[in-house]
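Participant: What would the 3D arrangement of this be:
(one chain, ligands or ions: 1)
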Amino acid sequence: MKAVMPIIIRGTGSFVPADTMTNEFFASYLDTSDEWITKRTGIKTRHRVGEGESTATIGIEAARRAMDDAGVGPDEIDMIVVCTATPEYPIPMTAGLIQDGLGIRGCPAFDVNATCSGFVYGMVVAGGLMSADGYRNVLVIGCDTLTRFTDYQDRSTCILFGDGAGAVVLSPSPHPERGILYKNIGADGRHLKCFWVPAGGSREPASVGTVNERLHYMRMRGPELFKVAVTKMESLVGEALRATNLTASDLAMMIPHQSNRRIIESVRTRLGMPEERVAINIDRYGNTSSGSIGLALDQACREGKLKEGDLVLFLAFGAGVSWGTAIVRL
Ligand code: ACO
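Facilitator: Presented below is the predicted three-dimensional model:
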């Protein structure tokens with residue numbers, strides 16, 4: 001019987017649009033302040049797509065960079081998994097647009113929507129298909145443009161979100177000690193309405209009425225979601241470490257989803273991890289949903305904070321609610 005090869009991260013890439021929104025921008029027209037936003041969320045700036053940009057365009061750019069980093073050409077990619085909650089169109093899948101934009105033809109290309117847990121879901125789905133069916137170079141792209149679904153009159157949500165994309169090329173490796181060592185994904189639909197977009201789908205199709213009621217924007221029960229997020233993320237890390245017989249000191253880095261600096265700090269403190277081993281970039285990008293973990297991973301690699309052989313814990317939590325953990329030896 002053929003041995004299953006470990007699946008490694010062969011290359012990383014990321015992209016954020018050039019345009020930014022500072023806390024001062026929000027304070028200029030809403031009853032809010034840089035002080036409140038910084039203290040309650042840790043966010044200072046976020047990026048947003050401009051004219052001609054979209055989920056697909058930022059996904060394409062991140063994917064190109066990941067392919068360059070991996071040294072893999074378009075004809076060598078044999079599957080594309082796009083993780084997004086903000087697709088280019090309801091129909092068809094954004095993965096098809098990204099495939100076309102990259103000049104790749106014929107390989108399977110599909111979207112995974114697990115909101116902010118999308119990137120970890122995408123890696124788990126891709127890794128499973130690679131092990132089962134022998135795909136060799138798979139692009140996993142987390143890309144979201146939440147600013148297109150943000151109500152800029154709602155001070156409790158509009159300050160939180162930015163646009164961004166992170167991508168990896170996954171490949172099999174002959175080195176048995178490397179690769180995805182642990183994975184765990186899950187969801188609990190009971191918390192669905194903690195964070196949702198009420199209209200524009202099959203339950204409440206777009207109409208003049210839904211537009212007038214601003215139902216195409218994200219609605220969030222922030223404090224409720226906050227509590228669920230902290231509790232779940234803390235227990236996920238414990239489960240992952242127990243299952244792998246590792247301790248926090250074995251990890252070169254934890255890369256959590258960036259939804260609120262206080263949530264990340266709470267998990268970090270519980271774990272007893274020093275600040276320099278936890279990826280935090282929420283101050284610069286806000287919450288980029290499926291984009292956040294790939295973006296932070298790529299930055300850590302480019303800044304020389306990670307090297308081959310390092311153990312990295314990915315920790316995601318998002319609307320739905322959904323969650324995902326993975327431990328990868330680079
Ligand atoms: N500026 C000033 N005041 C504000 C603002 C603002 N931008 N927003 C809300 N407030 C006010 C509220 O009106 C409230 O006032 P009140 O006490 O007079 O009623 C007060 O500040 C406190 O509001 P809370 O909502 O309780 O503030 P909280 O400390 O919970 O922070 C936040 C809100 C940042 C949204 C937080 O709840 C949070 O981060 N929630 C979790 C988000 C999350 O988990 N996301 C991950 C999954 S979803 C995804 O990632 C796509």
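
Participant: Give me the distance between the two termini of stretch 151-161.
Facilitator: 11 Å (Cα to Cα, to the nearest Å).

Participant: For that stretch, which outside residues touch it?
Facilitator: 23, 26, 30-32, 37, 41, 43, 46, 146-147, 150, 214, 217-220, 222, 259-260, 286-289 (Cβ atoms under 8 Å, 6 or more residues apart in numbering). Heads up, the C-betas are built off the backbone N, CA and C, glycines and all.

Participant: what comes up buried for it?
Facilitator: For stretch 151-161, a neighbour-count test (16 or more other Cβ atoms under 10 Å) marks 155, 157-161 as buried.

Participant: I'd like to know which of those are part of helices.
Facilitator: Counting by DSSP state H, the part of those found in helices is 155, 157-158.

Participant: how about those residues in CSV, adding pLDDT?
Facilitator: Listed next are those as CSV, based on pLDDT from 0 to 100:
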residue, pLDDT
155, 97
157, 97
158, 98
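
Participant: Show me where the stretch 151-300 of the chain has its strands.
Facilitator: Remark: strands assigned in the stretch 151-300 of the chain by DSSP state E, counting those that start in this stretch are 163-172, 179-187, 195-196, 219-220, 253-256.

Participant: partners of the fourth one, with directions?
Facilitator: Yep, that's strand 219-220 we're talking about. According to DSSP bridges, strand 219-220 has the following sheet partners: strand 195-196 (antiparallel).

Participant: quick one: contacts of the partner strand?
Facilitator: Outside strand 195-196, the residues that reach it (Cβ under 8 Å, 6+ apart) are 115, 218-221, 225, 318-321.

Participant: Of those, which ones also sit close to the ligand?
Facilitator: 115, 225, 318-319 (Cβ under 6 Å from any ligand atom).

Participant: Identify the farthest-apart pair in those.
Facilitator: Greatest spatial distance among those (Cβ to Cβ): 115 and 225, at 11.2 Å.

Participant: Relative to the ligand, how far out is the residue nearest to the spatial centre of the chain?
Facilitator: Nearest to the mean C-alpha position of the chain, by Cα atoms, centre = their mean, lies residue 290 at 2.6 Å. From residue 290 across to the ligand, the span is 9 Å (Cβ to the nearest ligand atom, to the nearest Å).

Participant: ok, residue 286 - contacts?
Facilitator: Residue 286 neighbours (Cβ under 8 Å, 6+ apart): 41, 43, 45-46, 159-162, 258.

Participant: before we move on, the earlier item: go ahead and confirm the residue nearest to the centre of the chain touches residue 120.
Facilitator: No: contact criterion Cβ atoms under 8 Å: residue 290 and residue 120 do not qualify, at 9.4 Å.

Participant: need the contact list for whichever residue of the stretch 101-250 of the chain sits closest to the ligand.
Facilitator: Per Cβ to the nearest ligand atom, residue 222 is where the stretch 101-250 of the chain lies closest to the ligand, at 2.9 Å. Residue 222 makes contact with 156-157, according to Cβ under 8 Å, 6+ apart.

Participant: What pLDDT does the model give it?
Facilitator: Per-residue pLDDT puts residue 222 at 94.

Participant: Tell me where the chain has helices.
Facilitator: Using DSSP H, helices in the chain cover 23-27, 34-41, 55-70, 94-101, 118-133, 155-158, 208-212, 222-244, 261-271, 282-285, 292-302.

Participant: Comparing those, which stretch has the densest surroundings?
Facilitator: Comparing the helices of the chain by mean neighbour count (mean count of other Cβ atoms under 10 Å), helix 292-302 ranks first with a mean of 25.

Participant: Show me what from the chain comes close to the ligand.
Facilitator: Checking the chain against the ligand by Cβ under 6 Å from any ligand atom, the hits are 32, 36-37, 40-41, 115-116, 155-156, 159, 195, 222-223, 225-226, 229, 259-260, 287, 289, 317-319.

Participant: Columns distance to residue 210 on top of the ones in helices among the buried residues of stretch 151-161, output as TSV?
Facilitator: Listed next are those as TSV, based on distance: Cβ to Cβ, whole Å:
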residue	distance to residue 210
155	22
157	18
158	19
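
Participant: can you tell me which of these lies nearest to residue 254?
Facilitator: residue 157 (26.2 Å).

Participant: any weak-confidence spans in the protein?
Facilitator: Scanning the chain for pLDDT under 70 picks out 1-4.

Participant: Of the contacts of stretch 151-161, keep whichever come out buried.
Facilitator: Buried, going by 16+ other Cβ under 10 Å: 23, 26, 32, 37, 41, 43, 46, 146-147, 150, 217-220, 222, 259-260, 286-289, out of the contacts of stretch 151-161.

Participant: how close does residue 330 get to residue 178?
Facilitator: Residue 330 sits 7 Å away from residue 178, going by Cβ to Cβ, to the nearest Å.

Participant: still on that earlier bit, could you work out the most separated pair of the contacts of residue 286?
Facilitator: Longest span within the contacts of residue 286, Cβ to Cβ: 159 and 258, 13.8 Å.

Participant: Next up, the contacts around the closest residue to residue 144 other than its chain neighbours.
Facilitator: Closest residue in space to residue 144, ignoring its immediate chain neighbours: residue 289 at 3.8 Å, by Cβ to Cβ, 6 or more residues apart in numbering. Going by Cβ under 8 Å, 6+ apart, residue 289 touches 84-86, 115-116, 118, 142, 144, 146, 161, 318.
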